[in-house]
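Chemist: Have a look at this fold, sequence not included:
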């Protein structure tokens, strides 16, 4: 028996994954904690299709049931300076030219001539900026960067859909608040006691109780590694709004700094989710509402919710017979990578390492090693965004901030050579790092010496030819609104 404790998206996801793929195990879902404020809309990374595949849900079925749209890029408005706009896509940027990486080519060109914005060299980024969409096999040209995408979706609609799906899989769902946890002599969890006195026992427990971490943190005493000195976001004001028709761009998550926070807008087929992230040290909740109204292009009413965030992670994700998922394990404040995708990765890995008759400690140790390593890498990727944010912003990383050595080393190597240290266990691919750095005009001091013998005009012609081919291909694509209409009508 596995008991999943929580009342959130993190609690709803493990149940169908495990029930669908481990039929011999009884899965119980205990809504045993008060629900915390939750986001209205989510955006996923490309790995979301792994979840749909595990659940046996088609992408088209999901799009229909979750008010979903396809995400091609994060669109940063004014991140570097007021007029600057950059579409940071999941797809690739440029191609190798004469054996050299594309970023090395553009670094050399920049030292001799004007170079267009780096998003000009990505099919995904250019399509995103114009609100277009197509799959790679629909609109593909040889020798052009490939398209990749995530999904924007209504979290409440998706969870409602999953609730029905969980019932069909035979998962027992109980609503009964947790009173306390009884521990075994060896430090593992023996049972959960509800406020009505019911005793619930299982072989394994999954903690989805949010930042309270009632099982892994409070009951088992796994300590928390606080990252708030680096990731200064600790509040998120959440609301929803209709999208003005003239401003609809389904293909991008819009990210824009406000005077004291960061505004994120996630487009859905009906309306949008709008969130203002900020630090309580520099902005009160009352002032946050005012800033939201001023910059969110919407009316904020009493239904708006403030979510409290605690950037950091537990020092183990799996301890004895307990696994923590979602905020019970970690929180990154602002979500550049996709916390939803981290939940997916965590539960899929647990399924791979699933204990049969008893927990094997070396497997637990390996699970934790991978999880902590991956999360530290995702943290560094988050820090990169705040490092590139204009320095007069209260959330920006400053020269005086003590940065993780892993992050500082990456930046030093890139600045000196245009290269990044890379290993097989990286979570965020190199393309995402380099394209963000160059899109935000953080250029290396030196390019690949092998390009010294290549004339500038030869490289200029190759880059211009690539840009023209991308523009031509994108011009043929339909708007995402039209693409979605055709997809929905087919169903």
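Modeler: Happy to help now that I have it. Not measured: the values here are computed from a predicted model.
Chemist: From here on, just use CA atoms for contacts and neighbour counts.
Modeler: OK.
Chemist: quick one: residue 449 and residue 411, what's the gap?
Modeler: Residue 449 is 20 Å from residue 411, where distance means C-alpha to C-alpha, to the nearest Å.
Chemist: Those two: who's more crowded?
Modeler: Shown here are residue 449 and residue 411; by other C-alpha atoms under 10 Å, residue 411 has more neighbours (20 against 12).
Chemist: What does that one show for phi and psi?
Modeler: Torsion angles at residue 411 (phi, psi; degrees, to the nearest 10) stand at phi -70, psi -40.
Chemist: give the contact list for the nearest residue to it once chain neighbours are set aside.
Modeler: Leaving aside its sequence neighbours, residue 411 sits nearest to residue 420 (C-alpha to C-alpha, 6 or more residues apart in numbering; 7.9 Å). Going by C-alpha atoms under 8 Å, 6 or more residues apart in numbering, residue 420 touches 410-411, 413-414, 430.
Chemist: Phi, psi for residue 324 please.
Modeler: Dihedral angles (degrees, to the nearest 10) for residue 324: phi -100, psi 140.
Chemist: And the closest residue in space to residue 320 that isn't next to it in sequence, what's its pLDDT?
Modeler: In space, residue 320 comes closest to residue 188 once its chain neighbours are excluded; the distance is 5.7 Å by C-alpha to C-alpha, 6+ apart. Looking at residue 188, its pLDDT reads 96.
Chemist: what do you get for residue 197?
Modeler: 93.
Chemist: One more: residue 343?
Modeler: Per-residue pLDDT puts residue 343 at 85.
Chemist: Assign it to helix, strand or coil.
Modeler: Counting by DSSP: H, G, I helix; E, B strand; the rest coil, the backbone at residue 343 sits in helix.
Chemist: Now for it: which residues touch it?
Modeler: Counting by C-alpha under 8 Å, 6+ apart, residue 343 touches 10, 13, 325-326.
Chemist: what does residue 354 give?
Modeler: Residue 354 neighbours (C-alpha under 8 Å, 6+ apart): none.
Chemist: Next, give phi and psi for it.
Modeler: Taking degrees, to the nearest 10, you get phi -60, psi 130 for the backbone angles of residue 354.
Chemist: Distance check, it against residue 347.
Modeler: 10 Å.
Chemist: Could you look up the SS state of the residue nearest to residue 411?
Modeler: What three-state DSSP gives for residue 420 is coil.
Chemist: if I look at it, how far off is residue 456?
Modeler: Residue 420 sits 24 Å away from residue 456, going by C-alpha to C-alpha.
Chemist: Going by secondary structure, residue 157 is in what exactly?
Modeler: In this structure, residue 157 sits in helix 155-168 according to DSSP states H and E.
Chemist: Which strands and helices lie in contact with that helix?
Modeler: With contacts taken as 3 or more C-alpha pairs under 8 Å, 6 or more residues apart in numbering; DSSP states H and E, helix 155-168 sits against helix 9-12, helix 14-21, strand 41-43, helix 59-65.
Chemist: picking that back up, now, among the contacts of residue 420, which is nearest to residue 394?
Modeler: Closest approach between the contacts of residue 420 and residue 394, by C-alpha to C-alpha: residue 411, at 21.6 Å.
Chemist: any idea where the helices of this protein begin and end?
Modeler: Secondary structure of the chain by DSSP state H: the helices cover 9-12, 14-21, 48-55, 59-65, 102-110, 123-129, 155-168, 285-295, 339-352, 361-388, 405-417, 430-439, 456-476, 480-490.
Chemist: Those: which one's closest to residue 179?
Modeler: Residue 179 lies closest to helix 9-12 among those, at 18.2 Å (C-alpha to C-alpha).
Chemist: ok, and what's touching that closest one?
Modeler: Contacts of helix 9-12 with the rest of the structure, by C-alpha under 8 Å, 6+ apart, involve 4-5, 29, 155, 159, 162-163, 207-209, 325-326, 340, 343.
Chemist: Residue 166 contacts residue 16, correct?
Modeler: Yes - Residue 166 is within contact range of residue 16, at 5.5 Å (criterion: C-alpha atoms under 8 Å).
Chemist: quick revisit: quick one: the residue nearest to residue 411 from residue 86, how far?
Modeler: In this view, residue 420 and residue 86 are 21 Å apart by C-alpha to C-alpha.
Chemist: go on, residue 70?
Modeler: 18 Å.
Chemist: Quick check: buried residues in the helix or strand of the chain with the lowest mean pLDDT?
Modeler: Taking mean pLDDT, DSSP states H and E as the measure, the helix or strand of the chain with the lowest value is helix 9-12, at a mean of 76. For helix 9-12, the neighbour count (16 or more other C-alpha atoms under 10 Å) marks 9-12 as buried.
Chemist: so which of the residues you listed comes closest to residue 256?
Modeler: residue 9 (25.9 Å).
Chemist: what's the burial count for residue 323?
Modeler: By the criterion of other C-alpha under 10 Å, residue 323 has 23 neighbours.
Chemist: hang on, it packs against residue 206?
Modeler: Yes - counting by C-alpha under 8 Å, residue 206 is a contact partner of residue 323 at 4.8 Å.
Chemist: Just want the phi and psi numbers for residue 260.
Modeler: Dihedral angles (degrees, to the nearest 10) for residue 260: phi -130, psi 0.
Chemist: is it true that it touches residue 392?
Modeler: No - using C-alpha under 8 Å, residue 260 is not in contact with residue 392, being 10.0 Å away.
Chemist: With neighbour numbers in mind, choose between these two.
Modeler: Neighbour tally, residue 260 and residue 392, criterion other C-alpha under 10 Å: the higher count belongs to residue 260, 19 against 11.
Chemist: Tell me the spacing between that one and residue 193.
Modeler: Residue 260 is 44 Å from residue 193, by C-alpha to C-alpha.
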